[in-house]
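Student: How does the following fold in three dimensions:
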Amino acid sequence: MSLLKIPFIIASAFGVQWSLTIPLPLSSEVVPTTAFESFIRWILELHALDFIKISTWVASSAEVASILVAHLGIDVSQIIPESVYETGAVQLLRTLQPVPITPAFLAGSLMVIIGGVVRLYCSLALGKHWNSLLSVRKEHKLVTSGLYSVVRHPSYTAFLIKYVGLIAMYGSTGSWMRESGVLQVPFVKVVAAIYFLLFTTLAGLAIL
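Tutor: Numbering: from 1, shown residues only. From the prediction side, this is the model:
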């Protein structure tokens, strides 16, 4: 059953990747901004989006690895050099147990995938005007076709859908993050806290 999770895990990671791959416009391209917009730009310049994307791929890769080791009977000690095998990271991965697909995981994964696809569509529809700031750029053009004829801000709507999906995937009862024991590692707790703090901040900005 857990093997069936792998396509959903990988597709969800791509959903996050697509939705957060957003260029930051040059200051010279943007009409003078407010203090609030300058604050958002400052957050993004701290590579918050890169941190989220990297963390997502690390967590996804770890879960996929734990599934493959458990279901394919892989003896990692035979394929990994002893010096690497004895490291704390590898020993931690060996202790992690895969968990079956739950309704919350399935629903959350689909929400993340849909959110990522919609955000990718928005980036293609907006073209050069697609960027990480809600700002008016020089030669700005209002797009009213496609999804933009139905929803005023489809990209923000998709981001909120993806945000709820990630909480369902990783934070719900029965999720791999909660059941595998990985959150018992202090460093992972800190990374997870920063991850969801950044995502919550971005989700809050999408609502404003």
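Student: switch to C-alpha atoms for all contacts and neighbour counts from now on
Tutor: OK.
Student: and the gap between Thr56 and Gly165?
Tutor: Using C-alpha to C-alpha, to the nearest Å, one gets 13 Å for the distance from Thr56 to Gly165.
Student: what about the two, which has more around it?
Tutor: Counted by other C-alpha atoms under 10 Å, Thr56 and Gly165 do not tie: Gly165 has more neighbours, with 25 against 22.
Student: mind listing what that one touches?
Tutor: Each residue near Gly165 by C-alpha atoms under 8 Å, 6 or more residues apart in numbering is listed here: Ala107, Gly108, Ser109, Leu110, Met111, Val112.
Student: right, and the helix or strand after the helix or strand where Gly116 lies?
Tutor: Element membership for Gly116, per DSSP states H and E: helix 103-126. Once the chain leaves helix 103-126, the next helix or strand it forms, by DSSP H and E, is helix 154-171.
Student: Give me the helices and strands touching the helix or strand just after that following helix, please.
Tutor: Beyond helix 154-171 on the C-terminal side, the first helix or strand identified by DSSP H and E is helix 176-179. Where contact means 3 or more C-alpha pairs under 8 Å, 6 or more residues apart in numbering; DSSP states H and E, helix 176-179 is packed against helix 154-171.
Student: could you give the angle of the helix it packs on to helix 103-126?
Tutor: 160 degrees (axes from the mean of the first three to the mean of the last three C-alpha atoms, to 10 degrees).
Student: what mean pLDDT does helix 154-171 have?
Tutor: Throughout helix 154-171, pLDDT has a mean value of 86.
Student: Got the confidence number for Leu110?
Tutor: pLDDT, read off for Leu110, is 95.
Student: how close does it sit to Pro98?
Tutor: If you measure Leu110 against Pro98 using C-alpha to C-alpha, the figure is 20 Å.
Student: which SS state does Pro98 fall under?
Tutor: coil (DSSP: H, G, I helix; E, B strand; the rest coil).
Student: Could you double-check that it lies in contact with Glu63?
Tutor: Yes. With contact defined as C-alpha atoms under 8 Å, Pro98 reaches Glu63; the gap is 6.9 Å.
Student: Check the contact lists of those two and give me the overlap.
Tutor: Taking C-alpha under 8 Å, 6+ apart as the contact rule, Pro98 and Glu63 both touch Trp176.
Student: top of the contacts of Gly165 by neighbour count?
Tutor: Val112 (32 neighbours).
Student: how about that residue, what does it touch?
Tutor: Ser12, Gly15, Val16, Ile161, Lys162, Tyr163, Gly165, Leu166 are the contacts of Val112 under C-alpha under 8 Å, 6+ apart.
Student: Would you mind listing the two of the residues you listed that lie farthest apart?
Tutor: Greatest spacing in the contacts of Val112, by C-alpha to C-alpha: Ser12 and Ile161 (12.4 Å).
Student: Appreciated, that's everything.
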